[in-house]
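Participant: dropping the sequence and predicted coords here.
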Amino acid sequence: MASHLAVPRPATGIFRALSIFVTFNIVTLLWVLFRAADLSVAMRVVSGAFVAPIGEPEAFVASKAYTLALLALLFIWHGFDGHSQIRRLTESLRAEVLWPLVALICILAVTLNVKTTSKFILFRLLGIQST
């Protein structure tokens, strides 16, 4: 087999970090566009990240503490979210610890779920009725 058909090695170092950063931002932007009520709301949300006044840093952190904590947790967790790492973690935990932890995560996911009745912008553009 020709050597030029070899599977490329995964990105490492600064290229990997840059790839993660770019991918995260593109997915976030597209999610905002997909989930917004209409394009004007989407543009207001996207532009708000760059032009909205923060005000007092202490008040901003206090009002956004939950969101900032989730972001920090996600950045920390990102190094452990590969299939092999999760499998190793679940195999190393005893059932008495694992299942209550899974139950707690499920309860938190249901409890913290923000319910909205707005339609996806895609549905509006296509004229699809959602329930």
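Facilitator: Looks like it arrived, so ask away.
Participant: got any ranges where the chain has weak pLDDT?
Facilitator: The model of the chain has pLDDT under 70 over residues 1-8, 80, 113-131.
Participant: quick one, longest helix in it?
Facilitator: The residue-count maximum for a helix in the chain (DSSP state H) belongs to helix 13-35.
Participant: quick one: residues in contact with the helix or strand following that helix.
Facilitator: Downstream of helix 13-35, the first helix or strand assigned by DSSP states H and E is helix 39-51. The contact list for helix 39-51 (C-beta atoms under 8 Å, 6 or more residues apart in numbering) reads 29, 32-33, 36, 121. All C-beta spots, glycine's among them, are computed from the backbone N, C-alpha and C.
Participant: pull helix 39-51 out as CSV, backbone CA atoms only.
Facilitator: The C-alpha coordinates for helix 39-51 follow below in CSV (Å, rounded to 0.1, in the frame of the first residue of the first chain):
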residue,chain,number,x,y,z
LEU,A,39,-32.3,36.0,12.9
SER,A,40,-32.5,39.4,14.7
VAL,A,41,-32.4,37.6,18.0
ALA,A,42,-29.5,35.5,16.9
MET,A,43,-27.5,38.5,15.8
ARG,A,44,-28.3,40.3,19.1
VAL,A,45,-27.0,37.3,21.0
VAL,A,46,-23.9,36.9,18.9
SER,A,47,-23.1,40.6,18.9
GLY,A,48,-23.8,40.9,22.7
ALA,A,49,-20.8,38.8,23.4
PHE,A,50,-18.6,41.6,21.9
VAL,A,51,-20.5,44.8,22.7
